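*Asks:* Sequence first, predicted model second:
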Amino acid sequence: MRHQDVHEELSARLHEAAEGHEPDRARILARLERGMAAQSRPDHRATRPPVFGWVRVVSATAAVASVLAIGGYAVASAVKSDSPAQQTVSVSPTPSQSPAATSHAPVKPVAPKPSSDSDATSQSSPKASASTTSSATPTPSIPVVPPASGTEDGPLWSDGSIDPGSNDFWAQSDVTLKTTKQLTALTVQLKIKQTGGVTSTGAWRSLPEDDFTLTVAEQDGFLVYTWVLKEGRTVAAGEWVFAGQYDHERGGRDAKDDSYSAAGTVGAAGTAGGQQLAVKGDFAAQKS
């Protein structure tokens, strides 16, 4: 039998003995009384001095107590050896909360609102905040371009095309103008149909930036780019490009509903002597 098994069997027996043992106090007391009565009888002849009788009683009592004490200690030792050793775990004190601490997430910054009427709407989401701000801000006025009959008008010719660098997420629409005469006034307008996710990412033109005022706005389901030549500036004869750039939903975008128009003046601008020109087109291939 293994040592561990012997140890476990001994522990179990000691447990049973300790639990089942009950000292017979009545028997012990009766024995003591008999001894005392025998000493008190007059005819009793002590074979030993009285003191030795008491010593025997006391010795017997001490022996019983010693046995009980040793048995209890053995049981306690066995039980103690079987129980797992206690482990002490060091626990850090709970940190005190700083007055500046907060239990909720930080609030997202909200764009400044020009009016207190939009407080409830602007708190709902960043998208709602943006729409509220745009509604509170006056929409830029979009210039009206005079009607045109086609892509050519006298010395002015036009074409619309999608830049070959466009991709599944982004596109650039180009309006190309050719003029054989100097223009003293010019307005170019590009309309991009809102086919889903269409948002402006910029615009440019091959003529000097400072010569034009650019307006980008949404109107009637279109993203509208408008370039207007500033007063006192001119456009030299040549070929020029005006481009609008925008994001859109993933996938190929159909530009069949996009369009452009342009109006210019040859000669003195704003006088009866100037020649008014107007062109328009879409983004199908055009022949010059």
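*Replies:* Good, I have the coordinates.
*Asks:* What ranges does the stretch 101-250 of the chain have for its strands?
*Replies:* Assigned strands in the stretch 101-250 of the chain, in chain order: 152-153, 156-162, 170-179, 185-193, 199-205, 212-219, 222-229, 238-247 (criterion: DSSP state E, counting those that start in this stretch).
*Asks:* So for residue 262, which of these sits nearest?
*Replies:* Shortest separation from residue 262 across the strands of the stretch 101-250 of the chain is recorded for strand 185-193, at 4.6 Å, computed as CB to CB. For every residue, glycine as well, the C-beta is placed using N, CA and C.
*Asks:* what inclination does the closest one have with respect to strand 156-162?
*Replies:* Going by axes from the mean of the first three to the mean of the last three CA atoms, to 10 degrees, strand 185-193 is angled at 30 degrees with respect to strand 156-162.
*Asks:* Strand 185-193 pairs with which strands?
*Replies:* Sheet pairing here is set by DSSP bridges, and for strand 185-193 it gives strand 222-229 (antiparallel), strand 259-266 (antiparallel).
*Asks:* Can you tell me what sits against that strand?
*Replies:* Residues outside strand 185-193 that contact it (CB atoms under 8 Å, 6 or more residues apart in numbering): 142-143, 145, 173, 175, 177, 198, 205, 221-229, 235, 242, 244, 246, 255, 257-265, 269-270, 274.
*Asks:* List buried residues within those residues.
*Replies:* Neighbour-count burial (16 or more other CB atoms under 10 Å) applied to those gives 142, 145, 173, 175, 177, 198, 205, 222-229, 235, 242, 244, 246, 255, 258-265, 269, 274.
*Asks:* thinking again about what came up before, could you export the strands of the stretch 101-250 of the chain to CSV, including columns for mean pLDDT?
*Replies:* Shown next, in CSV, are these (pLDDT from 0 to 100):
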stretch, mean pLDDT
strand 152-153, 97
strand 156-162, 97
strand 170-179, 97
strand 185-193, 97
strand 199-205, 97
strand 212-219, 96
strand 222-229, 97
strand 238-247, 98
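*Asks:* Now distance to residue 29 too, for the ones you listed, in a markdown table please.
*Replies:* Listed next are these as a markdown table, based on distance: least, CB to CB, whole Å:
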| stretch | distance to residue 29 |
| --- | --- |
| strand 152-153 | 137 |
| strand 156-162 | 118 |
| strand 170-179 | 107 |
| strand 185-193 | 114 |
| strand 199-205 | 105 |
| strand 212-219 | 110 |
| strand 222-229 | 112 |
| strand 238-247 | 105 |
